[in-house]
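Colleague: need the 3D shape of this:
(2 chains)
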Amino acid sequence: MTVLTPSLETHAGIATSRRRSGRSPDLATLGRAGAAAIAWFAVATITLAWPDVDDWGREREFAFGSIAIGAALILGAALSPWLPGLAKRVAHLSPWLAVLGLFFAVWQALTAKSGFLPLPFFPPPHALLEVFTDDWSKLLASITASLRLLAVGATIGAAVGFVTGVALGWSKHIGYWIHPILRFVGPLPATAWLPIAFFAFPSSWSASIFLIALAVGFPVTVLTWSGVAAVNTAYYDVARTLGASQRFLVLKVAIPAALPQVFVGLFMGLGASFAVLVTAEMMGVKAGLGFYLQWAQGWAAYANMYAALIVMSLMCSGLITILFKIRDRVLSYQSGAVKW
Amino acid sequence: MVAVAARVAPQTNTGIGLDISDVSHGFELHGAHLPVLDHLSFKVEPGEFVALLGPSGCGKSTLLRLVAGLDPPSEGAIAANGKTILGPDPSRVVVFQDPTLFPWRNVWDNVALGLEAQGLLKARRARVDESLRLVGLSGFAKAYPHQLSGGMAQRVALARALVNDPGLMILDEPLGKLDSLTRISMQGEIVRLWQASGFTSLLVTHDIEEALLMATRVIVFSDRPARVTADKSIERPYPRHRDDPQLVALRRDILGLLGLEATW
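Modeller: I've put the predicted structure just below:
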């Protein structure tokens, strides 16, 4: 150790001086990228050199893709003197990509190559790639169907929840009637309504809209309500002395003051809506990612199932990201808001 | 010394006259009645600068809330220019101890609040810029409240009040939370604004010196429930000096009225 430490320091010293001179690539970045690239080259080697125990397509494409990732990493690091921004990203991503490469290598070895994990439950990575390349139109249609259902349901739920929450926070008379209903119905999981909803509504699609709206509406209502109720009364005093009407107090004082809470409600509601969406699609709606999952499992098409899971995860994460981006923009006056 | 630019007395007398007649007020606290104001009566002439002094918790701020129209008095009535006060009105603006700026609005939008609430913003946008200039914050129109220091935030609150061309400026310990240097400079600024615009000022403060430096009249309240124990005119020209012998003598008197003569 004592011998190693000074030599590492000299390496770092050289690296910085070279970066300053602006001619040769940064050695630390190159080393990190190289290690990650080796993992991906290993994935490619295992994929091509070790024959599959069964017949899956897109083996070569998967291997070439792996090589491309490895090569891109090295290229990005090598270009560090000219593209410092890119090199920084490469240095940042390399550790994760190295681990991911190792994961793919082990996955490949345990499934298609050795057959150690039972088939068909554990398809190899290139089988998933095959789903994406050959079944993308059906996946795309499923995403569109899911997003449509979610958008309509969540918008209705958020709008109704927001208005109800503001009304509850503002008016004691409205609170008298709505509060007991909210307490009785709200905590019930939206999926518990499934059997009733599917025969009470004219179509399974409208029933699902109802369920999703319910799942989003409850947390949005409660948090909007608590946000409005918790507004600093000094804000109202200030606005009133300056000539504000009741309408102004609601629209320009209560609602903007409650918005941070409203976004917490939207975040919780959106999370709940994903669960309801998938359940509704599995139970009744004959479209969407939930339906695709169910269908894939029914045909023992496990590669399709995993592929759909990945797509679903990307979709949900993407929607949460969009919500946080909107929140950051709307609440940009706040300092130090949590970043997603 | 208080840095006051203008040496002239209020020229344009647009101030509101107040008539506080036999006002009593109380709160319900844990089921018991807590009297706060006890048959208070006094008048404030238009354009006066009246400071209210009294022991902590004696009900000075409660009286200001009644004058602002935020709460109705339990008994008695308060009239502004002869008309009984029934609710808040933008001619009577309040600057609170906390600036209570709206954090989601930038400085300009905070100052514009009153005009926007009254539907006058389109016609009087220039007034917002002018008010900001008056408090020396023209360069901070786009800043958000969390970016301001305490003194700057209180200046914005002052501009937000001024933009309405008030007849009465209700100042509820507006400088109470500021550091002493900011405090001194803002005491001068408020006096300068009062002299320039001619509004009536009603100031609650804990600081006897502040009251003597700023006001034309000091009203001393008793312990809760508040009654008027003294009402003194301060006929000294501005800018006033802390070591003015007449002000020093007045301070000793007032400390005596508050039962604190032994400490000075």
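
Colleague: low-confidence regions, the chain specifically.
Modeller: Picked chain A for this. Segments of chain A classed as low confidence (criterion: pLDDT under 70) are A:1-23, A:335-340.

Colleague: I was after chain B.
Modeller: B:1-13, B:261-264.

Colleague: which parts of it sit against chain A?
Modeller: Residues of chain B found near chain A, taking Cβ under 8 Å from any Cβ of the partner chain as the criterion, are B:68-70, B:87-90, B:92-94, B:96, B:98, B:100, B:102-106, B:113-114, B:116-118, B:144-147, B:160, B:164. Backbone N, C-alpha and C define where each C-beta goes, glycine included.

Colleague: buried subset of those?
Modeller: The neighbour-count criterion (16 or more other Cβ atoms under 10 Å in any protein chain shown) marks B:68-70, B:88-90, B:92-94, B:96, B:98, B:100, B:102-106, B:113-114, B:116-118, B:144-145, B:160, B:164 among the residues of chain B next to chain A as buried.

Colleague: pretty sure residue A:267 sits against residue A:322.
Modeller: No: with contact defined as Cβ atoms under 8 Å, residue A:267 and residue A:322 do not form a contacting pair (11.5 Å).

Colleague: neighbour count: those two, which is higher?
Modeller: residue A:267 (18 against 12; other Cβ atoms under 10 Å in any protein chain shown).

Colleague: which helix or strand contains the nearest residue to the more buried one once chain neighbours are set aside?
Modeller: The shortest distance from residue A:267 to any residue other than its chain neighbours is 6.3 Å, reached at residue A:323 (Cβ to Cβ, 6 or more residues apart in numbering or on different chains). Mapping residue A:323 onto the secondary structure by DSSP states H and E places it in helix A:302-330.

Colleague: return the list of helices and strands in contact with that helix.
Modeller: In terms of contact count using 3 or more Cβ pairs under 8 Å, 6 or more residues apart in numbering or on different chains; DSSP states H and E, helix A:302-330 is assigned the packing partners helix A:125-134, helix A:136-170, helix A:255-283, helix A:289-298.

Colleague: is it possible to get JSON lines of those helices that adds distance to residue B:236?
Modeller: Compiled in JSON lines, these are given as follows (distance: least, Cβ to Cβ, whole Å):
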{"stretch": "helix A:125-134", "distance to residue B:236": "86"}
{"stretch": "helix A:136-170", "distance to residue B:236": "50"}
{"stretch": "helix A:255-283", "distance to residue B:236": "44"}
{"stretch": "helix A:289-298", "distance to residue B:236": "80"}
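
Colleague: how many residues are close by residue 99?
Modeller: Since no chain was named, I'll use chain A. Under the neighbour criterion other Cβ under 10 Å, residue A:99 is assigned a count of 12.

Colleague: try again with chain B
Modeller: Tallying neighbours of residue B:99 according to other Cβ under 10 Å, which is how burial is gauged here, yields 23.

Colleague: residue closest to the middle of chain B?
Modeller: Nearest to the geometric centre of chain B sits residue B:171, at 1.8 Å (Cα atoms, centre = their mean).

Colleague: surely that one meets residue B:187?
Modeller: No: here residue B:171 does not reach residue B:187: they are 10.7 Å apart, not a contact under Cβ under 8 Å.

Colleague: residue B:16: helix or strand, and which one exactly?
Modeller: Residue B:16 belongs to no helix or strand when elements are defined using DSSP H and E.

Colleague: returning to that earlier point: so what sits against both of residue B:171 and residue B:187?
Modeller: Jointly contacting residue B:171 and residue B:187 under the rule Cβ atoms under 8 Å, 6 or more residues apart in numbering or on different chains is no residue at all.

Colleague: ok, back up a step: which ones among the buried ones among the residues of chain B next to chain A are found in strands?
Modeller: When strands are assigned by DSSP state E, the members of those inside them are B:92-94.

Colleague: just curious, which of these is nearest to chain A?
Modeller: Closest approach between those and chain A, by Cβ to the nearest Cβ: residue B:94, at 4.8 Å.

Colleague: tell me who's in contact with that closest one.
Modeller: For residue B:94, the set of contacting residues under the criterion of Cβ under 8 Å, 6+ apart consists of A:237-238, A:241, B:64, B:68, B:70, B:161, B:170-172.

Colleague: quick one, longest helix in chain B?
Modeller: With secondary structure taken from DSSP state H, chain B has its longest helix at helix B:180-197.

Colleague: which positions within that helix qualify as buried?
Modeller: By 16+ other Cβ under 10 Å, the buried positions in helix B:180-197 come out as B:182-184, B:186-197.

Colleague: show me chain A divided up by domain.
Modeller: Following the assignment in automatic domain parsing, chain A carries domains at A:8-122, A:136-330.

Colleague: any idea how far residue B:67 is from whichever residue of the stretch 101-250 of chain B sits closest to chain A?
Modeller: Closest to chain A within the stretch 101-250 of chain B is residue B:114: 3.5 Å, counting by Cβ to the nearest Cβ. Applying Cβ to Cβ, to the nearest Å, one obtains 17 Å for the distance of residue B:114 from residue B:67.

Colleague: what's the answer for residue A:120, then?
Modeller: Relative to residue B:67, residue A:120 is positioned 81 Å away (Cβ to Cβ).

Colleague: of these two, who's got more company?
Modeller: Using other Cβ under 10 Å, the more surrounded residue of residue A:120 and residue B:67 is residue B:67, with 22 against 11.

Colleague: ok so, going back, closest to residue A:107 among the contacts of residue B:94?
Modeller: Proximity of these to residue A:107, judged by Cβ to Cβ, is greatest for residue A:238, which lies at 61.2 Å.

Colleague: any idea of the angle whatever helix or strand that closest one lives in forms with helix A:255-283?
Modeller: Element membership of residue A:238 [criterion: DSSP H and E] is helix A:233-241. Interaxial angle of helix A:233-241 relative to helix A:255-283 (axes from the mean of the first three to the mean of the last three Cα atoms, to 10 degrees): 120 degrees.

Colleague: buried stuff in helix A:233-241?
Modeller: Neighbour-count burial for helix A:233-241 flags A:235-241 (criterion: 16+ other Cβ under 10 Å).

Colleague: and what about residue B:35, helix, strand or coil?
Modeller: strand (DSSP: H, G, I helix; E, B strand; the rest coil).
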